[in-house]
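> structure for the following, please:
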Amino acid sequence: MSTETDSRTDVPADRAGSAVPPTTAVDAVGAVGAVDGGAADPAEQSPDAAPPSPPTTPCTVVWSRGRPYVLESGSGRPRWMGVDHHGRPQALTGEALRKQGWSYHRSS
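Residues are numbered from 1 along each chain as shown. Here you go, the predicted model:
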C-alpha cells in the first residue's frame, strides 16, 4: 500500500493536468486585467491610442453619445442604425461610429 499523495489535489478540478495558462493577471497596483494587456472595453484604452473599429457581427449593440446603435447587415453595406436627438432614424458607417467614439456599455 502506497503512502504517496496525489500532487494535483491542490489544483482545482477544472485546472488539474491542464497546461493552459491563466487568463487574467494582477498588475503592480493590484488591478486584474487580461494577460494580453489589451483593455476589454474600448473606452478603457489610453487616450493616446487610436479609437478601435466597431465590431462587425450583425445585431451587435453599441453605445455612442448616450444612444444605442445596432449593426444591420441587409443587402448592401452594413450600417449602424440608431436615432438622433429628435428620435429620427440615423444611419452611421463603421468609420463614422469609430470617429465619434463608442462603447459596449451605456455611459452613466
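
> gap between the nearest residue to Gln100 once chain neighbours are set aside and Trp102?
Using C-beta to C-beta, 6 or more residues apart in numbering and skipping the chain neighbours, the partner closest in space to Gln100 is Ser64 (5.6 Å). C-beta here means a position set from N, CA and C on the backbone, and glycine is covered the same way. According to C-beta to C-beta, to the nearest Å, Ser64 and Trp102 sit 4 Å apart.

> please apply the same query to Arg79.
Using C-beta to C-beta, we find Arg79 at a distance of 14 Å from Trp102.

> can you check Pro52 too?
Using C-beta to C-beta, Pro52 is found at 8 Å from Trp102.

> neighbour count winner among these two?
Legend: neighbour count by other C-beta atoms under 10 Å for Pro52 and Trp102, higher for Trp102 (22 against 15).

> next, work out how far apart that one and Ser75 are.
From Trp102 to Ser75 the distance is 24 Å (C-beta to C-beta).

> so where is the protein shaky, pLDDT-wise?
Low-confidence segments of the chain (pLDDT under 70): 1-48, 108.

> do you have the helices of it handy? List them.
With DSSP state H as the criterion, the chain has helices at 94-100.

> for Asp84, which non-adjacent residue is closest in space?
Asp84 sits nearest to Gln90 (C-beta to C-beta, 6+ apart), 4.6 Å away.

> which residues touch Pro55?
The contact partners of Pro55, taken as C-beta atoms under 8 Å, 6 or more residues apart in numbering, are Val62, Leu71.

> one more time with 10 Å
Going by C-beta atoms under 10 Å, 6 or more residues apart in numbering, Pro55 touches Pro42, Val61, Val62, Leu71, Gly94, Trp102, Tyr104.

> one more: Arg106?
Applying C-beta under 10 Å, 6+ apart to Arg106 gives the contacts Val61, Val62, Trp63, Gly66, Arg67, Pro68.
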